[in-house]
Every structure is written in C-alpha cells, then in structure tokens.
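J.: Give me a 3D structure for the following:
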Amino acid sequence: MDKSLRSTLYKTVVDCRRLLERDVARQLEGVYGIHVDGTIEPLAEMTNLDAVGCADRKAIEAAIRHEEMVGASREEAVERFIRETAFTTLNRLAALKLMEHPSRGIIPQTIGAKAQSKGFQQVSLVSPEAMRGQPDGGYRLYLEIMLDDLSYGLGVLFDRTLPTSIIFPTVTTLDDVLDLLNDPELTAAWGEDETIGWVYQYFTPGELREQVRKESSAPRNSYELAFRNQFYTPRYVVAFLAENTLGRMWWEMRGGDTMLVDQCQYLITHTDSNVAQAKRDPRTWRILDPACGSGHFLLYCFDLLQIIYEEAYDDPDLGPGLQAEYPDLESYQRDIPRLIVEHNLHGIDIDPRAAQIAWLALWLRAQRAYLELGLKKAADRPRIERSNIVCAEPMPGEYDLLGDFCRDLKPSILEKLLREIWEKMELAGEAGSLLKIEQEIRGTITSAKQLLESLPEGVQLTLFGPQPAQQLKLQLDRRELDDSDFWDQAEERVLAALRDYARHTRENNRVTRRLFVEDAIQGMAFIDLFQRPFDVVLMNPPFGAASVGSKEYITKAYPRTKNDLYAAFVERGLEILQPSGYLGAITSRTGFFLTSFQKWREEILLKEAHLIALADLGYGVLDTAMVETAAYTLQKGAQKHV
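T.: Modelled structure (predicted):
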C-alpha cells in the first residue's frame, strides 16, 4: 500500500472514529443514562427502558466496572467503553468490506452499495416477512445476521453478545460511515490483507498518544503501553527479517534447493550457520511474534509457508509422511491454509484489539488462499478451528470465583499452587511476553514441595489468602509428599486444573462473569503458548521504559537488559527458541553502540546467539517514530570462532 493510499485511509479512519464515538456517547447518555464525565444515573429512574433495555444497561455498566477493576477511573472507563464500542463497529464494517472483495469472495456484496447491496437484496427477496416492519427496511437486521454467522468462525470479533456490541450506530451515522468506507479512492485498499492492520493503527487518536507522553515519560499501564509503541513495520523490513529466519531455515534444510532462492528478494544465501538444520515436517514448526500488533510478520510468514508446504510434499525425506496422510496432492493443497494457521503461526499482544485484528487478518489471508485454489464456496473450504493469537491477560480480579473453583481441589496443595500462579499472572497484562510464566510455574511447584518437606510429620500448615479479611485457609499436609504420582506430574496437573478453571467459568452467564471468563480463557491460552519452544521468533517489540506496573518485575527478571524493553524482548526471544532457532527483530539501533547495552551485546548477541544479518536503517522507517532503527537476524547458539 503506497503512501498516498495510506493517507486516504488514515483520514477515513479518523473521520469514522469521530462519527462513531459521538454517536455512541449520545446514545449512552440519552438512552442509558451513562454520561461521559462518569456519572451513572440510577437504573430505577430510567423509565424509558423496557426489560431488554434494562438488561443492556446492566451489561454496559458491568463492562465499565470491569475497566475500573483494572485501574481506570470512572470517567476513563466510560471513555474506553465509548472508544471500544466505536472501534468494534468500525472493525466489523471494515471486515465486511474486505470479505466482500472479489479477491476473497467470502460473502456477497454487503456494504459496498449499502441497502442496495446484492447480499441484502437477495435476503430481502427470500425473507420479505423478516424485513417487513423494520424501521430501516431490515438492513440493520441483515448486518446482524451476517455478523452472527461470522462469529461461529471468528469468535469475539463478531460476537454481538458482548457489551461493546449493544449500541448500534443510528441510521444517519451508519449511512455516513459507509459513505466514507465506500469512497472510490479507497477501492485498492480493500484488496490488501494488511488494510485491517492499518485501520487498527490509525484508530487510536494521535492527540491521545501526545497527551500520555507529555504526562509520563514511561507508560503508566498496559493500556498506554499498547498504543504508545504502535508503529507499523514496512513490508520490506518484514520480508528481510522473515526471509532470513523462516526462509533461511528451510533453505538450510533443503541444502539450497528451494524456490525461495528465486522468490525471496532479501534472502542471504551463505553457509555461515551455527548448526545444520535437520529436516522436519513443516506441521511441527512454531513461529511466534511476541508483540504481534495486527499480524504483519505472520502474514508474510503465511506466504513463505505456502511454498514450504508445497515443496515438502515431494521432498524425499518429508514427502512419505505427508503422502501417507494426504494420498493425493489436491487434498493436501486444500488443507495447507488451515495447517499454517492452526499449527505454525502464533502471536501475543497486550492489546485485545490487536489480537482480534491479527486473527482476522490471518483468517482473511487463508480465505484468499482458498479462492486461489478454486474453492469459491465457503462450504468447500476446510474450516479453521483454532487460532494461536493470544492476548496477554491476567487471570482476572474477581477473586471469589477462584475460591468457588478451588474449594474441592485435591490434593490441597493443588489449590495453593493454583492461587500462586493466578497471582503471578496478574503481570501478564503489563509484561506481556516478557512474563516468564513457564519458569514461574516450575518455581512455584518447587517452592511448594520444599514447604511441605519442611513440615514435621503429622503437622498441618494453615496459610491465609492475600487479603486476610477473606480468611481463605489452605490446609497443607506433609503426607501429601507421599503422593509421588502428583509430584512426578505436578506441572501437567496444575495446567490441567487451570484449563478446567477456564472452562468452569463459562457456565455462569452473568455479564460480570462473562467478562471474567474471557480473561481466564486468554490467560490460560497465554500459559499454554509457552509450554514448547519456538523455531522462529519475529518482532517489532516496544522500546523505551517498561510500564510502571511491570518495572519491578522486568528489573528483576532481566538484569542485563532492563534499561530498554526491546533489549529484554530480544533476550526473551532467544530464551524461548529451540537450539539453533532463528530470531529476527527491528529495534532502535542504540543497542549496537551505547555503553549501557554492553552486556546485551557481549553476553547475549555474541555468546548466546550468532549474528546472521544486520541492516542499519536509520530514521524514517517506523512511520512517525523518531528513532533510528536496525533490523537484524540471529541464530540461537554460541558464536563461531574461526
């Protein structure tokens, strides 16, 4: 996407955001009695609301209270609800616009001609009774039907049961927003997979970024950290890094015999590698972007993986295993997009909006691949069942729900372990991928075992929860040490209990608990992601100071790289790689010459890794970020000496 088209899209997104936020604020105040200054009128006085309206008001209020529980003031919580509602609406409309584009053919024309769109006209002819009597002729109902249908495959992004879906744009606002999205000058944008990522980046008001930077030199919370470091990575940088990590790995496995040599413009084909790469079934490869934003690195990896999968089928070493499962090439090719999304591509972000957008972008890319294979009908396309894009969420703050679940856990030590890990996960939203949760779990188990070993025979120890008023007593018995099966499988048992906990919370339908459930599920997904190492880590990590809430943890966990987040991300990235795995990053170039990064250079880049490629890029690469950058790729393992 060229600069002129991006400028047009930027203006469109800003105009849409202002229209939608103004509309949401008016409805929030006029219909539901919730004011932008944080004032909430008593529900008993809202005589304009029927039973459904009262339920909606309670759901909105619960969402606002949920934001307050994570540190927002009432006024900030209302402001965030307005912004999130507007963002949700714009995302969905942009997604429909992308889906109806001929290059994907996922849905019939739905918003391209507004109420005259072919999809709506067809439904109106088939179901005239459903549309009759609707104030707008049924167009809103049609859009809601489309969103409900898409929610089965794409989950929360189209889930209209969430509080941020309650307020739908008024007829006038919807009409104005669709006019902006259907501007002929934007036609080319809707054919690009990365457009949804630009919508995400452009939505955050520039004045909000400037305001928080003036108020604090460091992010005060994860909410600020998410948008302070929100800079788009240019495609040529993405290509340089992906080709010299993922592409290089396959090039080494194939001894240079791959189409990637011709198709990858930036692939450096030399043999100065630490360790020769043994061939492996591509379905076992794990690629991670630990600060994924809207998924640009993962989208490019999708393209490379398509070639890799195609070549693996005829590979003399890998082919027999693939051919045994897919006897004919056609069935194998049909399944490649699903395999890539479900097996290979992983992403983490502290911003739930980013995680949703990244998942949508990958799903859209897969749909394009299906269409390229001639699968025009959605029913003919393999269904993608799983996303590996995760929001780094703490196990949430409604502490009583954890007590409900833990009460009957056996042995009792499992309750203690669960509570301690639950508390450690509070840092997930602040530290994101830098939280060494897999190490925290092992450390917690070791400490618990040592505690029980210290108890005299026949003596029980009573512990109290973090808030004495709750009097959460845990009876620990030394005899539990005799349960050797538990300690042999302690980590698996703890993880299984956490998964049960996430599932358990689904059963309650109260809105406050619904929000809690989503947090718990994301928290468990975050933990699961780090149970196995990765083959490739690619990133444009945040830079600068850690957020106030994570500073103490990062200082302790990353003593060599605590001075800047990007250095800590590189250290963490190498840590979670397989031996001889690859890391690619674009960061500030300061780490390569400032004395404060000496340990990073000497102990990490030169001892724990092997430099493969380095590009000194200078200013003007990361959009509006005033930082000189460098892009580089590393291979995990000791530096070669010749």
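J.: who are the neighbours in contact with Thr258?
T.: Taking Cβ atoms under 8 Å, 6 or more residues apart in numbering as the criterion, Thr258 is in contact with Trp250, Trp251, Ile307, Ile308, Glu311. Where you see a C-beta, it was placed from the backbone N, CA and C, and this is true even at glycine.
J.: let's go with 6 Å and repeat that
T.: By Cβ atoms under 6 Å, 6 or more residues apart in numbering, the contact set of Thr258 is Trp250, Trp251, Glu311.
J.: For stretch 17-24, C-alpha coordinates in PDB please.
T.: Provided in PDB are the C-alpha atoms of stretch 17-24 (Å, rounded to 0.1, in the frame of the first residue of the first chain):
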ATOM      1  CA  ARG A  17     -13.900   7.200  14.600                       C
ATOM      2  CA  ARG A  18     -15.200  10.700  15.400                       C
ATOM      3  CA  LEU A  19     -18.600  10.000  13.900                       C
ATOM      4  CA  LEU A  20     -19.000   6.700  15.800                       C
ATOM      5  CA  GLU A  21     -17.700   7.900  19.100                       C
ATOM      6  CA  ARG A  22     -20.000  10.900  19.000                       C
ATOM      7  CA  ASP A  23     -22.900   8.700  18.200                       C
ATOM      8  CA  VAL A  24     -22.100   6.200  21.000                       C
END
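J.: Asp535 reaches Gln578, doesn't it?
T.: Yes. The pair Asp535 / Gln578 is scored as a contact, 5.5 Å apart, by Cβ atoms under 6 Å.
J.: Can you show me the strands along the protein?
T.: Using DSSP state E, the strands of the chain run over residues 287-289, 345-349, 389-391, 460-463, 474-477, 534-539, 577-588, 609-618, 629-636.
J.: Nearest to Gln134, out of those?
T.: For Gln134, the closest of the strands of the chain is strand 389-391, at 35.5 Å, according to Cβ to Cβ.
J.: Pull the distance from the closest one to the chain's centre.
T.: 3 Å (Cα atoms, centre = their mean, to the nearest Å).
J.: who does that strand pair up with?
T.: strand 345-349 (parallel) (DSSP bridges).
J.: Sort out which residues of the strand it pairs with are buried, please.
T.: Leu345, His346, Gly347, Ile348, Asp349 (16 or more other Cβ atoms under 10 Å).
J.: now stretch 71-88
T.: 72, 74, 77-88.
J.: And the contacts of it?
T.: The contact list for stretch 71-88 (Cβ under 6 Å, 6+ apart) reads 17, 20-21, 24-25, 36-38, 63-64, 67-68, 164, 167, 203, 221.
J.: if we go to 7 Å?
T.: By Cβ atoms under 7 Å, 6 or more residues apart in numbering, the residues outside stretch 71-88 that reach it are 17, 20-21, 24-25, 28, 34, 36-38, 60, 63-64, 67-68, 164-165, 167, 203, 221, 353.
J.: Report the buried members of those residues.
T.: Using 16+ other Cβ under 10 Å as the burial test, the contacts of stretch 71-88 include 17, 20-21, 24-25, 28, 34, 60, 63-64, 67, 164-165, 167, 203, 221, 353 as buried.
J.: Reformat the buried residues of stretch 71-88 as CSV; add distance to Thr12 and pLDDT.
T.: As requested, those are arranged in CSV below (distance: Cβ to Cβ, whole Å; pLDDT from 0 to 100):
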residue, distance to Thr12, pLDDT
Ala72, 29, 83
Arg74, 32, 93
Ala77, 28, 93
Val78, 26, 96
Glu79, 23, 94
Arg80, 23, 91
Phe81, 23, 95
Ile82, 20, 96
Arg83, 17, 92
Glu84, 20, 91
Thr85, 19, 95
Ala86, 14, 95
Phe87, 14, 92
Thr88, 17, 91
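J.: Among these, list the two that are farthest apart in space.
T.: Greatest spatial distance among the buried residues of stretch 71-88 (Cβ to Cβ): Arg74 and Thr88, at 21.1 Å.
J.: In the helix ranked longest in the chain, which residues are buried?
T.: Longest helix in the chain by number of residues (criterion: DSSP state H): helix 3-30. Going by neighbour count (16+ other Cβ under 10 Å), the buried part of helix 3-30 is 5-6, 8-9, 12-13, 16-17, 19-21, 23-25, 27-29.
J.: cool, stretch 93-101 as well?
T.: By neighbour count on 16+ other Cβ under 10 Å, the buried set for stretch 93-101 is Leu93, Ala94, Ala95, Leu96, Lys97, Leu98, Met99, Glu100, His101.
J.: Next one: the fourth one from Asp149, what distance?
T.: Distance check for Leu96 against Asp149: by Cβ to Cβ, to the nearest Å, it reads 11 Å.
J.: Does Lys636 touch Ile576 like I think?
T.: No. Taking contacts as Cβ atoms under 7 Å, Lys636 lies outside contact range of Ile576: 9.6 Å.
J.: got the contact list for Thr170?
T.: For Thr170, the contacting residues are Asp23, by Cβ under 7 Å, 6+ apart.
J.: shaky segments in the stretch 301-450 of the chain?
T.: In the predicted model, the stretch 301-450 of the chain carries pLDDT under 70 at residues 394-402, 404-405, 407-408.
J.: Walking through it, point out its helices one by one.
T.: Per DSSP state H, counting those that start in this stretch, the stretch 301-450 of the chain carries helices over the ranges 319-325, 329-339, 352-372, 399-406, 412-424, 428-431, 437-453.
J.: Phe120: which of those helices is closest?
T.: Taking Cβ to Cβ, helix 352-372 is the member of the helices of the stretch 301-450 of the chain nearest to Phe120, at 21.0 Å.
J.: and the angle for the closest one with strand 345-349?
T.: Here helix 352-372 runs at an angle of 160 degrees relative to strand 345-349 (axes from the mean of the first three to the mean of the last three Cα atoms, to 10 degrees).
J.: Format the CA atom coordinates belonging to helix 352-372 as PDB.
T.: Extracted as PDB, the C-alpha positions of helix 352-372 are listed here (Å, rounded to 0.1, in the frame of the first residue of the first chain):
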ATOM      1  CA  PRO A 352      -7.100  -7.400  22.900                       C
ATOM      2  CA  ARG A 353      -8.000  -5.400  19.900                       C
ATOM      3  CA  ALA A 354      -4.600  -6.200  18.300                       C
ATOM      4  CA  ALA A 355      -5.100  -9.900  19.000                       C
ATOM      5  CA  GLN A 356      -8.600  -9.800  17.300                       C
ATOM      6  CA  ILE A 357      -7.300  -8.000  14.300                       C
ATOM      7  CA  ALA A 358      -4.300 -10.300  13.800                       C
ATOM      8  CA  TRP A 359      -6.500 -13.300  13.900                       C
ATOM      9  CA  LEU A 360      -8.900 -11.700  11.400                       C
ATOM     10  CA  ALA A 361      -6.000 -10.800   9.100                       C
ATOM     11  CA  LEU A 362      -4.700 -14.400   9.100                       C
ATOM     12  CA  TRP A 363      -8.200 -15.800   8.600                       C
ATOM     13  CA  LEU A 364      -8.700 -13.500   5.600                       C
ATOM     14  CA  ARG A 365      -5.400 -14.500   4.200                       C
ATOM     15  CA  ALA A 366      -6.400 -18.100   4.400                       C
ATOM     16  CA  GLN A 367      -9.700 -17.400   2.600                       C
ATOM     17  CA  ARG A 368      -7.700 -15.700  -0.200                       C
ATOM     18  CA  ALA A 369      -5.600 -18.800  -0.500                       C
ATOM     19  CA  TYR A 370      -8.700 -21.000  -0.700                       C
ATOM     20  CA  LEU A 371     -10.100 -18.800  -3.500                       C
ATOM     21  CA  GLU A 372      -6.700 -19.100  -5.400                       C
END
